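Enquirer: Turn this into a model:
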Amino acid sequence: MIPTPHIEASNAEKIAKTVLMPGDPLRAKFIADSFLEGATQFNGVRGMLGFTGRYKGKDVSVMGSGMGIPSMGIYAYELFKFYDVENIIRVGTAGGIAPHIGLRDIVIAQGACTDSAFMNQYGLGGTFAPLADYALLEAAVKSSRNAGKKTYIGNVLTSDVFYGDGDISGMENWRKMGVLAVEMEAAGLYATAARLGKKALAIITVSDLVFTHEQTTSQERQEGFMDMVKIALDAQIDIR
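Expert: As a prediction, this is how the structure comes out:
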């Protein structure tokens, strides 16, 4: 089924085997303009921009995912299922919740907890724990260390809620379990990849701290985003 309802690329050759996915489609355009050679646009449906170009001689695509598991689930499924994409790397932001996590730290999500009902569709009769692909994880950790960036590897929380109707006491329970940060897409991406036999990873920059309410400036967010994208791009060089 090509084109799909949400991606207008006419054939799989227009999209690389590895796709970086920021939430914001304008961030996808920024990545294409800043890092990719010869980038061409393959999608504009609903304003969800997608581009394919080359980085250090290797084809790579970048496309927005939108916000939240439902949006990520749609685009990741169509890319994996219909466009023969093998690897999706989410690059985005998160709120730090672990006490040792600071602003602009980079978190590589080894696993993703969730408060979403997304996993119910699989009818597993238990709690599915979606994990990152180990090869992608290993490559990203190596890339981050080579770049000299402060990086933490561990569990994140993928939440359906951005504006919660209550206090943050519930987040303390996740903190007690060693969860590093909270974001909104990774668990849906990891579960979709697992179901389709594909590979996924989330690399996220801490843009705010949940318990202290500290936030990065716009300049700090931009610098952190550039660092994170570079790590993701360098990591995918060694992945087939």
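Enquirer: tell me which element the residue most central in space within the chain is part of?
Expert: Closest to where the C-alpha atoms of the chain average out (Cα atoms, centre = their mean) is R90, at 1.7 Å. Following DSSP states H and E, one finds R90 within strand 87-96.
Enquirer: Within its sheet, name the partner strands of that strand and how each one runs.
Expert: strand 18-21 (parallel), strand 181-183 (antiparallel), strand 199-209 (parallel) (DSSP bridges).
Enquirer: for the following helix or strand past the shortest one, what is the average pLDDT?
Expert: When you say that, I think you mean strand 181-183. Counting by DSSP H and E, the next helix or strand C-terminal to strand 181-183 is helix 186-196. When pLDDT is averaged over helix 186-196, the result is 98.
Enquirer: same question, stretch 161-181
Expert: 89.
Enquirer: Between the two ends of it, how far is it?
Expert: 14 Å (Cα to Cα, to the nearest Å).
Enquirer: separation between K150 and T205?
Expert: 11 Å (Cβ to Cβ, to the nearest Å). For the C-beta atoms, the positions are set from N, CA and C on the backbone; glycine is no exception.
Enquirer: If you count surrounding residues, which of the two has more?
Expert: The residue with more neighbours, out of K150 and T205, is T205; 27 against 12, by other Cβ atoms under 10 Å.
Enquirer: Can you list the buried residues in the helix of greatest length in the chain?
Expert: Longest helix in the chain by number of residues (criterion: DSSP state H): helix 218-236. For helix 218-236, burial by neighbour count (16 or more other Cβ atoms under 10 Å) applies to 221, 224-225, 227-236.
Enquirer: swap in stretch 145-165?
Expert: Going by 16+ other Cβ under 10 Å, stretch 145-165 has these buried residues: 149, 151-153, 155-159.
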